[in-house]
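> quick one: sequence and predicted model below, then my questions.
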There are 4 protein chains.
Amino acid sequence: MTSIKVSEKPHLNNPILIEGLPGVGNIGRVAAGYLISELKAKKFAHLYSEHFFPFVMLHDSCEIKLLKNEFYYWKAKKKGQRDLIILVGDCQSLSPNGHYDVIENILDFAQKMGVKEVITIGGLATGDVEDHPKVLGSVTDKKLLKKYNKHGIEFTAGEKVGYIVGAAGLLLGLGAERGMDGICLLGETSGFPIVTDPKAAEVVLDSVTKILKLKVDMSKLDKKVKEMERFIKRVESLQKKAIMQIAKEEKAPVSEKEQLRYIG
Amino acid sequence: MTSIKVSEKPHLNNPILIEGLPGVGNIGRVAAGYLISELKAKKFAHLYSEHFFPFVMLHDSCEIKLLKNEFYYWKAKKKGQRDLIILVGDCQSLSPNGHYDVIENILDFAQKMGVKEVITIGGLATGDVEDHPKVLGSVTDKKLLKKYNKHGIEFTAGEKVGYIVGAAGLLLGLGAERGMDGICLLGETSGFPIVTDPKAAEVVLDSVTKILKLKVDMSKLDKKVKEMERFIKRVESLQKKAIMQIAKEEKAPVSEKEQLRYIG
Amino acid sequence: MTSIKVSEKPHLNNPILIEGLPGVGNIGRVAAGYLISELKAKKFAHLYSEHFFPFVMLHDSCEIKLLKNEFYYWKAKKKGQRDLIILVGDCQSLSPNGHYDVIENILDFAQKMGVKEVITIGGLATGDVEDHPKVLGSVTDKKLLKKYNKHGIEFTAGEKVGYIVGAAGLLLGLGAERGMDGICLLGETSGFPIVTDPKAAEVVLDSVTKILKLKVDMSKLDKKVKEMERFIKRVESLQKKAIMQIAKEEKAPVSEKEQLRYIG
Amino acid sequence: MTSIKVSEKPHLNNPILIEGLPGVGNIGRVAAGYLISELKAKKFAHLYSEHFFPFVMLHDSCEIKLLKNEFYYWKAKKKGQRDLIILVGDCQSLSPNGHYDVIENILDFAQKMGVKEVITIGGLATGDVEDHPKVLGSVTDKKLLKKYNKHGIEFTAGEKVGYIVGAAGLLLGLGAERGMDGICLLGETSGFPIVTDPKAAEVVLDSVTKILKLKVDMSKLDKKVKEMERFIKRVESLQKKAIMQIAKEEKAPVSEKEQLRYIG
């Protein structure tokens, strides 16, 4: 059970899908969130799934919210720009097979909206503090290198990491099966402790805006990242607590005084 | 596979759903159970699911019972009261995704019964013994605060805990997706060791009866809670033993004398 | 995916289903197996499931066999006897929810064959060597006590253990939802180390044959149990090895020399 | 969700399916891969599944690839030869029940292509370095021994190991349920550390080519195995890292400073 609820049906012209769900360093989440905020993109649909954590979050002290992924759109303002669908959210799938299910649902929806191209954003944990983080790219087809081989992207992700876990990877892998082209942009970040890294988000955003011919004022990025960080850290912390609670309930120890008598 | 079997089809007028399944301190289970007992609510349906533990319980020394969630109804007696559906049961889902499935089934059924409003009851483990436990509320929509902002409820659950696991949270989160309004009431309780806490149950019951304009004699609560506690503790203990048995069978060690030869 | 393949369609008159799948002390497996052998019951269907272990067994040095549950039938010879369907097999479900799925499939099939009554056989691990093991009964409905309350069965399983895991319990619990009556017979056995216990199997068989008005020569039981034990121990040992192999593959450690760089 | 995408529809005459997916010592993967390379077999379909790892791999430094199983075909050139379908791939299922699902999908497809016979290839880890590794066979039906009881195969796998995990076993076990005949060939290999073993691959390939009446030049095997080994080791290493990353995310410890307050 993965459901997508639509609140508005925008008419988009050959839109490109930008994904920024939680992941390493939350680079994608922060970069896509800043894009939404600066472009004033509009929410038009959300997704929830049995593959997400089995809890709700409390916003603003007492308002109950399902865990969700959310779709925003933005219509091109100038020549050379493209209509955009931006995907952000609280979480990714909890179970391995859930990733495939959630992402197939996202792609079904994107296809109905006319999406033929996907950009996913993520982080690559290097284990070092990166003073000059790079943007590492990978593509669904090498013929796309000609198109993307500028904008400060190094196409060496394969040597540096070799695989991409979750939505940032599967949206492109499963998208390619539907004939969609795409690129994954990974910002180098320390990865430890997992904090939101504005520097890495900025370099990735720089590449994204160049690809999309967008003008985005980066001056508020630091401030916005700090704001988002509070929320993201809260979600992460809640998820960790919830996992511990679930684990505790599932593996509750039996009092040693009780003699274990079993049956079958 | 989640099934709901109906033994009677009551005609209910705009009923409100009250949930009290097992959880922290079993506040919900105890409060809803006492309400059923005092109101003499009538059982009319039950639910079982592949997401529950794969065992049956033995009641009264030798009678086999599936693990179940059960639906009771009560029809309003006075002006200002509402018809009620009260949901109690032996357990919640064993697997994370099972929570979503079971609760969507409950909501499908509730919707068919005409439910548009939900009250869920739970406990919040504070880690301290609470002499004057509070009732913490959270709602599906802030506009509901005006309606519920009395009856001794503090709307600070978000600050104190931030998330609600399982049925008490998902019934409201997923219910809101269907246009249902709702409130979750959490009674503060020590949470350790997990015992049934009549004091916490009483404060929550007090808020519930005020919301529902019910007159419920609380004088038998202590006695009833002790009775229910025996049953609830038994179920908990059996579940822990069963989990250990399952875990033991799944991770049975191989005799060291057997040389491990494997194949593929 | 749980499939039942039928090799013969016997016409049975109000048959009773006897279940003896692997479990504690393999009492059920051994008792049902001996019954099949002594009655010369005939195999007519088998079941396999994605919920079983993902491996095949090698019989007779080189013949590949899926893990299966198997259905045998026997037609009543004398007045007072009943047609029987006997269910035995290599294993039960690997996952908790799989138990429900497999057993619902068994009950669908049994219902089509006209089954309205079920006897399940299992063991109860007491932790002590039992010189005079008892047979503990539990029933789907207390009104059945009158029918079964003889044949040397003590109806105290609820006090001694409280729950029945897997097929022996769920066949009755889920069967009762379909209007089937039934009894579970548990033979007391040490339970540690898990060996096949002919003494416990004999007392349970004694009760089963009295209920069913069967004459079964018990003199070959010891010999037969030893024969079956070899096979059962082999299956258990293979399952343990296979679980270890699967666990090993899933949790394979990463060389410490490889720097962990991850991505998302 | 398991999908098979077909890029070409070859007309094959009574083809035999040869399986060589990753497993112990990667004997099957290497042997089948060498066969594809030497026969110049042609890729015509691929399979991906939610039961595979939830990540994509990066080939050639920056090209994103879903994890896949791939089908190749080869048409008989001489009398006595058979048309072949060769199945190789990056991985097998991550979850136990996924194995059944993926293999039922493979068998559905194979059946549509006219397959009635299956050969699976694997390794048997002996724990010793084998100077003269044997080929151990097992069959879906003992009557097949007459057909295969030559070509240097010893039919003692049952005594040496007793079970076959994953595709090499289930393709035959589940295939037999559809009336398919088949043989599993296991090359003895040390199994520790898990490296690709050209000697074991060669003895198995020798048996396979004799069964199929193929002439295959073995002189390039060592070189090819080394080439494949690089790729296979990379995939294995990525899978291990990915598993660790997933495990890390699922079991992320909660800061000790955070007081655990939970709710329900």
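That came through, no problem.
> quick one: the strands in the stretch 1-150 of chain A?
A:2-6, A:16-19, A:42-49, A:55-59, A:63-66, A:69-74, A:84-89, A:117-125, A:135-139 (DSSP state E, counting those that start in this stretch).
> same check on the stretch 151-264 of chain A?
Under DSSP E, counting those that start in this stretch, the stretch 151-264 of chain A gives strands at A:153-154, A:163-165, A:181-189.
> closest to C:L12 out of those strands?
Nearest to C:L12 among the strands of the stretch 151-264 of chain A is strand A:163-165 (53.9 Å), distances taken as C-beta to C-beta. The way it works is simple: take the backbone N, C-alpha and C, and place the C-beta from them, glycine included.
> is that closest one positioned near chain C?
Yes - Strand A:163-165 is in contact with chain C by C-beta under 8 Å from any C-beta of the partner chain, via A:163-165.
> between the residues you listed, which has the most around it?
A:I164 (29 neighbours; other C-beta atoms under 10 Å in any protein chain shown).
> measure it to A:Y72 for me?
23 Å (C-beta to C-beta, to the nearest Å).
> the closest residue to A:S37 other than its chain neighbours: how many residues sit nearby?
Nearest non-adjacent residue to A:S37, counting by C-beta to C-beta, 6 or more residues apart in numbering or on different chains: A:K224, 6.2 Å away. Other residues lying near A:K224 total 18 when counted by other C-beta under 10 Å.
> over to A:K42?
A:K42 - counted by other C-beta under 10 Å - has 15 other residues nearby.
> ditto for A:L214
Considering only other C-beta under 10 Å, A:L214 is surrounded by 20 other residues.
> check contacts around it.
A:35, A:39, A:81, A:208 (C-beta atoms under 8 Å, 6 or more residues apart in numbering or on different chains).
> switch to 7 Å and redo it
A:Q81 (C-beta atoms under 7 Å, 6 or more residues apart in numbering or on different chains).
> next, find the distance separating it from D:N97.
45 Å.
> go on, A:M244?
27 Å.
> quick one: which of the two has more around it?
More neighbours surround D:N97 than the other of A:M244 and D:N97, with 22 against 16 (other C-beta under 10 Å).
> so what pLDDT did that one get?
D:N97 carries a pLDDT value of 93.
> what's near enough to touch it?
C:50-51, C:95.
> now the residues of strand A:163-165 next to chain C as TSV including distance to chain D and pLDDT?
Converted to TSV, the residues of strand A:163-165 next to chain C look like this (distance: C-beta to the nearest C-beta, whole Å; pLDDT from 0 to 100):
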residue	distance to chain D	pLDDT
A:Y163	4	88
A:I164	5	92
A:V165	4	90
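> now tabulate those residues in CSV and tack on distance to B:C91.
Formatted as CSV, the residues of strand A:163-165 next to chain C follow (distance: C-beta to C-beta, whole Å):
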residue, distance to B:C91
A:Y163, 39
A:I164, 39
A:V165, 33
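> show me what contacts A:A242?
A:53, A:55, B:163, B:165.
> and the third one, how far from A:V235?
Taking C-beta to C-beta as the criterion, B:Y163 is separated from A:V235 by 9 Å.
> got any residues that touch both of these two?
A:M57.
> mind showing which ranges of the stretch 51-200 of chain A have poor pLDDT?
Segments of the stretch 51-200 of chain A classed as low confidence (criterion: pLDDT under 70) are A:192-195.
> so the residue nearest to A:S37 touches A:E38, yeah?
No - counting by C-beta atoms under 7 Å, A:E38 is not a contact partner of A:K224; they are 8.4 Å apart.
> OK, contacts around A:I106?
A:47, A:87, A:171.
> pretty sure the last one contacts A:I18?
When you say that, I think you mean A:L171. No - using C-beta under 7 Å, A:L171 is not in contact with A:I18; the gap is 10.4 Å.
> mind checking which of these two has more residues around it?
Counted by other C-beta under 10 Å, A:L171 and A:I18 do not tie: A:L171 has more neighbours, with 31 against 27.
> and the more buried one, what does it touch?
A:19, A:103, A:106-107, A:118, A:120.
> same deal with A:G114?
Contacts of A:G114 (C-beta under 7 Å, 6+ apart): A:12, A:14-15.
> from chain D, how far out is it?
Counting by C-beta to the nearest C-beta, to the nearest Å, the separation of A:G114 from chain D is 22 Å.
> cool, A:V161 as well?
Distance from A:V161 to chain D, by C-beta to the nearest C-beta: 7 Å.
> neighbours of that residue, just the number please.
23.
> surely it and A:L124 touch.
Yes - the pair A:V161 / A:L124 is scored as a contact, 5.6 Å apart, by C-beta under 7 Å.
> please enumerate the helices of the stretch 151-264 of chain A.
Ranges of helices in the stretch 151-264 of chain A, per DSSP state H, counting those that start in this stretch, are A:157-160, A:167-176, A:198-212, A:221-250.
> rank these by pLDDT, which is bottom?
When these are compared by mean pLDDT, helix A:221-250 comes last with a mean of 73.
> relative to helix D:221-250, how tilted is that helix?
90 degrees (axes from the mean of the first three to the mean of the last three C-alpha atoms, to 10 degrees).
> A:L21: what's it in contact with?
Taking C-beta under 7 Å, 6+ apart, one finds A:28-29, A:69, A:87-89, A:92, A:167 in contact with A:L21.
> over to A:G166?
Per C-beta under 7 Å, 6+ apart, neighbours of A:G166: A:23, A:92, A:99, C:264, D:54.
> where's it relative to chain B, distance?
17 Å.
> excluding chain neighbours, what is closest to that residue?
In space, A:G166 is closest to A:Q92, 5.1 Å off (C-beta to C-beta, 6+ apart).
> in the stretch 1-150 of chain A, which residue sits closest to chain C?
A:G23 (3.1 Å; C-beta to the nearest C-beta).
> isn't that residue up against A:A168?
Yes - counting by C-beta under 7 Å, A:A168 is a contact partner of A:G23 at 6.2 Å.
> which one of the contacts of A:L171 has the most neighbours?
A:T120 (30 neighbours).
> check contacts around that one.
A:19, A:167-168, A:171-172, A:182, A:184.
> mind doing that once more with 6 Å?
By C-beta atoms under 6 Å, 6 or more residues apart in numbering or on different chains, the residues touching A:T120 are A:19, A:168, A:171-172, A:184.
> nearest to chain C, of those residues?
Closest to chain C, out of all of the contacts of A:T120 and judged by C-beta to the nearest C-beta, is A:A168, at 5.9 Å.
> neighbours of that closest one, how many?
30.
> that one touches A:C184, doesn't it?
Yes - the pair A:A168 and A:C184 passes the contact test of C-beta atoms under 6 Å, sitting 5.5 Å apart.
> quick one on the thing from earlier: distance check, the residue of the stretch 1-150 of chain A closest to chain C against A:V30.
On the measure of C-beta to C-beta, A:G23 and A:V30 end up 10 Å apart.
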